[in-house]
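> need a structure here:
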Amino acid sequence: MEAKKIIVLGDSDSGKTTALEYICENLTKTTALDYGKALINDKMAYFFCSPGNKRFAFMQDVISKNLDGAIIFIDNTIGITKNNMKLIRFIEEKRVPYVIFANKQDINNKPLDINGNAPIIPTNAITGQGIKNGLERLFKLMSSERMKFKQIAVAA
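Predicted coordinates for the structure are as follows:
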């Protein structure tokens, strides 16, 4: 069975852990990392989530090794922060597919305006609204990225 490594990033209290509780069968929570797994579209996905606190910023480098995709959570009641933009640049430098979850849509459903390369998925981590759709979009992006890589390898 194919397995995917996905990291989940975002500001503190943006809904990362709540969404992982919705997605994962058994979520392991520690001070410096949340970890869980789930079967999605017949693929095993391993999720690694770094806390949004500045003191744990080093964890982003640790968990981003050999990743297949990423989810960036943005608290839609606050909007895009400097840290969100830093996270987007961090993931784009890794050259992996990612999606943005504009979370807390039940409180504020204004669209986010981001000049990025990722789809923005309206979500509500508490109810799970948009989470499945966002994961399916991410998996499609990861699959198409893998196909591009195979085509480049065959052409070389």
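> which parts of the protein are strands?
3-10, 28-29, 34-40, 43-49, 69-75, 98-103, 120-122 (DSSP state E).
> and those as a markdown table, adding distance to residue 62 and mean neighbour count?
C-betas here are computed from N, CA, C, even on glycine. Supplementary listing: the strands of the chain in a markdown table, determined by distance: least, Cβ to Cβ, whole Å; neighbours: other Cβ atoms under 10 Å:
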| stretch | distance to residue 62 | mean neighbour count |
| --- | --- | --- |
| strand 3-10 | 10 | 22 |
| strand 28-29 | 16 | 12 |
| strand 34-40 | 12 | 17 |
| strand 43-49 | 9 | 20 |
| strand 69-75 | 14 | 25 |
| strand 98-103 | 18 | 26 |
| strand 120-122 | 26 | 19 |
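> will you turn the ones you listed into CSV that also has distance to residue 61 and mean pLDDT?
Formatted as CSV, these follow (distance: least, Cβ to Cβ, whole Å; pLDDT from 0 to 100):
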stretch, distance to residue 61, mean pLDDT
strand 3-10, 11, 95
strand 28-29, 20, 94
strand 34-40, 16, 93
strand 43-49, 12, 94
strand 69-75, 13, 96
strand 98-103, 16, 96
strand 120-122, 25, 93
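> among those, which is nearest residue 110?
strand 98-103 (8.8 Å; Cβ to Cβ).
> note down every partner strand of that closest one and its orientation.
Strand 98-103 has the following sheet partners, assigned by DSSP bridges: strand 69-75 (parallel), strand 120-122 (parallel).
> angle of it against strand 3-10?
50 degrees (axes from the mean of the first three to the mean of the last three Cα atoms, to 10 degrees).
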